[in-house]
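Peer 1: One predicted model, sequence on top.
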Amino acid sequence: MITLLRKELLEAWRSYRFLAVAAVLTFFGLLGPLSVKYMPDLLGALPNVPDGLADLMPPPNASLALAEYVENITLFGAILALLVPMGALAGEKASGTAALVLSKPVGRGAFLFAKFLAHSTTFAVGVLVAGLGAYYYTGLLFGWLNPARFIALNVLLLFDLIAYMSFTLFGGAFFRSQLAAAGMGFAFLVSLGVLGAVPGLGDYLPAALVRWGLGLAQGVVGQPAWPALATTLGLVLAAFGLGWWVLRRQEI
Amino acid sequence: MSAIRIEGVRKLYGSLAALDGLDLAVEEGRVFGFLGPNGAGKTTTIRILAGLARPTAGQAWVAGIPAGPESEARRLLGYLPEEPHFYPWMTPQEFLTDFVGGLFRMPRREAHARSAELLERVGLHDVARRRIGGFSKGMRQRLGLAQALMNRPRVALLDEPVSALDPAGRRDMLTLIGELKSETTVFMSTHILDDVERICDSIGILRAGRLVALEGREALLERHAAPALEVHFDAPSEAVATWAAELQKHPFVSGVELDGSSVRIRSDGRVGTVDAVQRAVLGSALRVLRYQVARPSLEDVFLRLVEG
C-alpha cells in the first residue's frame, strides 16, 4: 500500500498534476476577491458602458469576495475533478501497466485506495494553496477573515470536490476508456444538480456543504449541514466500494 | 510437485472457447515452451496463471497454490506480458528497486542489489537512470524480463519474451532464459520455433484451446516428426514450382515448401512415404542435384500437429 501510494504521489509530482491543480485553483481562487474589488473600477474605466451599470453593482466587501471565491473553486474544481482522475485507473487498464502491477502480490482494493488517497491529496494541496492566496488577498483588500471559519469553508469545499473526483476515479473501474470514466463523473455531477432542484432534497446533497461553509466564513448563523456531510462521505464510500467490487470481478 | 498444474480449464469469451478443457503439468526446473497458432489460447493460459483472468471452469495452480486475482501464488511468480508497459516517468532503477521491490516487500538494500544485478543481466545497466518513456520496444521487453525476475520467482511466465528484440538481443535474452532453469521454472509462449528448439527442454502444443502434444523436446521430435525430404533441382524455378504443385496433391504429402529450385517436402509419416516421394522425384524429368532425408524440425512437428 505504501509503495503504491508513494508511486501515485511521485506520479502526481512528476506529471505536474499537483502543479496544474494548484495553479488552476489558485488562479481562479484569487480572481474571486480581486474581481469583486476591481470590477467596479474596471467597468468605470471601460468606454461605452451604459450609465448607471457600475452603480448597480453592490459595494465590494469580504462577503462578496468569499462568495466569488467559492463559486470559482466549485466550478473549476468540478471541471478538474472530471479531467484529472479520468485516466488514473482507466488509462492504466488500457495501457497494460495495471496488468503488470496486479500480477504482483497487490490487493485490488489497495491499488484503488492508493489512487483515491493520492488524488485527494492533490486536490487538498490545490485547495490549500488557493485558500491561502484567497485569504491573503481578501484580508488585504477587505479586512481579515476569521481563520478557523475560513479553514472550515475550505475543508467543506474539499469534501465536495472529493465526491466528484471519486466518481470519475471509480468510473475507471468500469471502463477502459478515459472519456467514459469522465462521463461517469459528469453524469454524477449532473444528477446531483437535478436532485438539488427537488425541494427539500438539496439540504442532503454535497452542494449544501458549500453553502454551509460559505455561511460559516461570512459569519452568517445558519443550520449546520451535517446530513449533507454524511451524504457526501457516504457517496465517496459508495463510489469506492462499487469500484472495488467491479475491479475485483474484472479481468485486467 | 509440479511448478504449474492446470486441470480441465475452460475459458469462454461469449460463445468462443479460448481454452477448451486444458490439462497441463510442468515440472520444476524446466524451460517449458508453449506453442500454438494465433488465437490458440496461449496468452489466456498465461493470464489465468498470473491471476489476471479467471477460468470459466477448471483450476490452475502455481507451485501448489491456486492461481487467481487475489492469490498468494503471485508472490511466487514473475510475469512478462507480450508488450510490457511501464510508467514512462520512472527510471528502470526506480521501477525495479522502489516499485517492484516495494510490492514484494523486499528490504531496500536487497532490492537495490537485485535490480542492479538484473539490469546488468538484461543489458540495461547503462540506462538505469534514464526515463523509461524514451525506451524502444526491445528495451521495454528487456526491462519486462528484469521485473519478472525481481522476486526470484519459482515460476516465470513469459509471453513472447523476445518478440520485440533484434537478432543479437534475441540471442542474449534466450541465453539468459536458458540459464534461468537453475533458479526458476520458465513457462514461455512464443511463435518462434527456433527459439523453442534452442532453449526449451519440454514443449506443449496448443490447438484451439486444447493441448495436442506435451513432451520433452527430443521425445516430441522422435514421436511426431514424420520425415521431411529436401530436393535440390538443377532446373528453372518455374518448372520446379509446377512439379511441387502437382506433388502437393499426393495423399502422402502433408506440405511442400518451395525456395527457388529447392523443395522441402513434409510427409504424413506413413510407411512407404519416402519411397513414394523418391518415385515422384525420379518421375519429375527434372535434373536432381541433391536428395536427402532431412532431420525433422520442430516446425515440421508443429505444422503437422496444428494443421493436421
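Peer 2: All right, it came through fine.

Peer 1: which ones are touching B:A57?
Peer 2: For B:A57, the contacting residues are B:8-10, by CB atoms under 8 Å, 6 or more residues apart in numbering or on different chains. The C-beta positions use only the backbone N, C-alpha and C, and glycine is treated the same way.

Peer 1: wouldn't B:H125 be in contact with B:L118 here?
Peer 2: No - B:H125 is not in contact with B:L118 according to CB atoms under 8 Å; the separation is 9.4 Å.

Peer 1: Between those two, tell me which one has more neighbours.
Peer 2: B:L118 (23 against 14; other CB atoms under 10 Å in any protein chain shown).

Peer 1: Quick one: name the residues of the stretch 101-250 of chain A near chain B.
Peer 2: The stretch 101-250 of chain A comes close to chain B at residues A:101-108, A:248, as judged by CB under 8 Å from any CB of the partner chain.

Peer 1: ok so, going back, of the contacts of B:A57 - the most surrounded one?
Peer 2: B:V9 (25 neighbours).

Peer 1: so A:F167 makes contact with A:A182?
Peer 2: No - contact criterion CB under 8 Å: A:F167 and A:A182 do not qualify, at 10.0 Å.

Peer 1: neighbour count winner among the two?
Peer 2: Taking other CB under 10 Å, A:F167 and A:A182 do not tie; A:F167 has more neighbours (27 against 23).

Peer 1: What's the mean pLDDT across the one helix or strand the more buried one maps to?
Peer 2: For A:F167, the host element (DSSP states H and E) is helix A:147-174. Helix A:147-174 shows a mean pLDDT of 92.

Peer 1: Quick check: next helix or strand after that helix?
Peer 2: With DSSP H and E, the next secondary element past helix A:147-174 is helix A:178-196.

Peer 1: which of the residues in the helix or strand following that next one are buried?
Peer 2: Counting by DSSP H and E, the element after helix A:178-196 in chain order, helix or strand, is helix A:207-218. Buried positions in helix A:207-218, judged by neighbour count with 16 or more other CB atoms under 10 Å in any protein chain shown: A:207-218.

Peer 1: ok, the residue in the stretch 201-308 of chain B that chain A sits nearest to - contacts?
Peer 2: In the stretch 201-308 of chain B, the residue that lies nearest chain A is B:G209 (16.6 Å; CB to the nearest CB). Taking CB under 8 Å, 6+ apart as the contact definition, B:G209 lies against B:10-11, B:17-22, B:40-41.

Peer 1: Now do it, the pLDDT please.
Peer 2: B:G209 is given a pLDDT of 89.

Peer 1: Any regions of chain B where pLDDT drops low?
Peer 2: Chain B contains residues with pLDDT under 70 at B:224-227, B:269, B:271, B:295-296, B:308.

Peer 1: The same query, at a cut-off of 50, please.
Peer 2: Scanning chain B for pLDDT under 50 picks out no residues.

Peer 1: Which helix or which strand is home to the residue of chain B found nearest chain A?
Peer 2: Proximity of chain B to chain A (CB to the nearest CB) peaks at B:G102, 3.1 Å away. Applying DSSP H and E as the criterion places B:G102 in helix B:101-103.

Peer 1: what's the next secondary structure element after that helix?
Peer 2: helix B:108-121.

Peer 1: how far is whatever helix or strand comes next after that next one from where the chain is centred?
Peer 2: Next along the chain after helix B:108-121, taking DSSP H and E as the criterion, comes helix B:137-149. Distance of helix B:137-149 from the chain centroid (CA atoms, centre = their mean, to the nearest Å) equals 17 Å.

Peer 1: Which is the succeeding secondary structure element to helix B:137-149?
Peer 2: Following helix B:137-149 in sequence, per DSSP H and E, is strand B:155-159.

Peer 1: mind listing what's buried in whichever strand or helix holds B:E246?
Peer 2: When elements are assigned from DSSP H and E, B:E246 belongs to helix B:237-248. Neighbour counts using 16+ other CB under 10 Å place B:240, B:243-244, B:247 of helix B:237-248 among the buried residues.

Peer 1: In PyMOL, how would I select just the buried ones from the residues of the stretch 101-250 of chain A next to chain B?
Peer 2: Buried residues within these, by 16+ other CB under 10 Å, are selected in PyMOL with:
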select buried, chain A and resi 101+102+103+104+105+106+108
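
Peer 1: Most widely separated two among the residues of the stretch 101-250 of chain A next to chain B?
Peer 2: A:K104 and A:R248 (16.2 Å; CB to CB).

Peer 1: if we can go back for a sec, which neighbouring elements make contact with the helix or strand just after the helix holding B:E246?
Peer 2: For helix B:237-248, the following helix or strand on the C-terminal side (DSSP H and E) is strand B:253-259. Judged by 3 or more CB pairs under 8 Å, 6 or more residues apart in numbering or on different chains; DSSP states H and E, strand B:253-259 is in contact with helix B:237-248, strand B:262-267, helix B:298-307.

Peer 1: picking that back up, reformat the buried residues of helix A:207-218 into CSV and put distance to B:T175 and pLDDT next to each item.
Peer 2: Putting these into CSV (distance: CB to CB, whole Å; pLDDT from 0 to 100) gives the following:
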residue, distance to B:T175, pLDDT
A:A207, 64, 88
A:A208, 67, 89
A:L209, 62, 90
A:V210, 64, 90
A:R211, 69, 89
A:W212, 68, 90
A:G213, 65, 90
A:L214, 68, 90
A:G215, 72, 88
A:L216, 69, 87
A:A217, 68, 87
A:Q218, 73, 85
